[in-house]
Structure formats: structure tokens, C-alpha cells
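Asks: Need coordinates for the following:
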Amino acid sequence: MTTIANQHFIEALLVVLDETFDNVRGIYLDQGTSLFETLAGITAEEASIPVGGQCATLAAQVKHVAFYLNVVDQSVRAPNSLEVDWNEIWRTVSGVTPEEWVAIQDELRASYRRIVALINDTPDWNNMRAVGGAIGVVAHTAYHLGEIRQALCSIRMSPTDRRVIGL
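Replies: Alright, predicted model coming up:
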């Protein structure tokens, strides 16, 4: 069986996370589409619009990603001290002020930094659960990035566009 050196895994994981959150390198995203690049162009008003009337707002999507990253970090650092209400954000986060929108984005950035620190603090990646969790962070964040970008497309669709497609 061939194994991957810890350092190679960590380097690859950090590069993919960096692309997902900050700096597109063309691994799987197009230029200008990382999470923080996407969020930089979203106003608090746009972040407050529920997509499809009954769906989550962009603010809730972003708050959820930060929450998820915090749960991952806490579950590794203190695995027996965690009670999680996965639905709280979906129930409670809707409209946001400009200040609240900035705070949610700042929370996401801090959560991302903690995950990067956790990856760097993990000396041994021989555990399938740890590797799976790391891949899960990328997959989960990429999923919500896609949700945010799709929702943003709908939010920014002009009324004329809606009439053309029957909305």
C-alpha cells in the first residue's frame, strides 16, 4: 500500500482550502469565485433576502459555514464537550444590518483561520477520521459556496429576466 507523507497531505489540503476561501489558483474554481471574493461583492440587503421565499438567506449560509468550521475545530480539540444545534442558524438568521453582515464575514474569517491552525497543529494524518474530516471541510464549504453563488444569481436577476423565464 502506498501512503502519502503527512507534509504532502497538509500542503495539498491548505492549497485547496486557500482556493476555496481566498486565492483561486485554478485547481477547481474560476478566477474571482472564492468564498471571500464572492462575499466581498454582496451587500447586507442582498445577504438578507431569502432565496425562493422560504429558503435561507445568504447571511444564514455564511453563518452556517462559520458554525460548521467551529464545530469541526472544537470536536477535534475537545471531542467530548460539544452539543450542537445544527438547525439554530437556519431558524434564527435572516435579515442583517450592514454591521451584522460584516460581523458574520469576520466570524467566518476567524473560523477559517482556526481551521488552518488546526491543520498545522495536527502532526499525524494517519487517521482515516481526521483525513475524512479535512476533506469534509473542503466539500462542505465548497457546497455552500455553490449555494451562495447560485442564490446570488437568483437574487440579482432583474424583474425582466424573471418574466422571461416565468417567475
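
Asks: For residue 10, the count of nearby residues, please.
Replies: Counted by other CB atoms under 10 Å, the residues lying close to residue 10 total 17. Any C-beta I mention is one placed from the backbone N, CA and C, and that applies to glycine too.

Asks: Now do the helix or strand hosting it: distance to the chain's middle.
Replies: In the assignment (DSSP states H and E), residue 10 maps to helix 6-21. Its chain's average C-alpha position is 15 Å from that of helix 6-21, according to CA atoms, centre = their mean, to the nearest Å.

Asks: ok, now stretch 57-74?
Replies: Put simply, stretch 57-74 sits 7 Å off its chain's centre (CA atoms, centre = their mean).

Asks: ok, now stretch 142-151?
Replies: 9 Å.

Asks: Repeat that for stretch 1-11.
Replies: How far stretch 1-11 lies from its chain's middle: 25 Å, per CA atoms, centre = their mean.

Asks: cool, stretch 67-84 as well?
Replies: 16 Å.

Asks: Use 28 as the first number from now on
Replies: Okay, residue one is now 28; in that scheme the one you just asked about reads as stretch 94-111.

Asks: Many thanks, have a good one.
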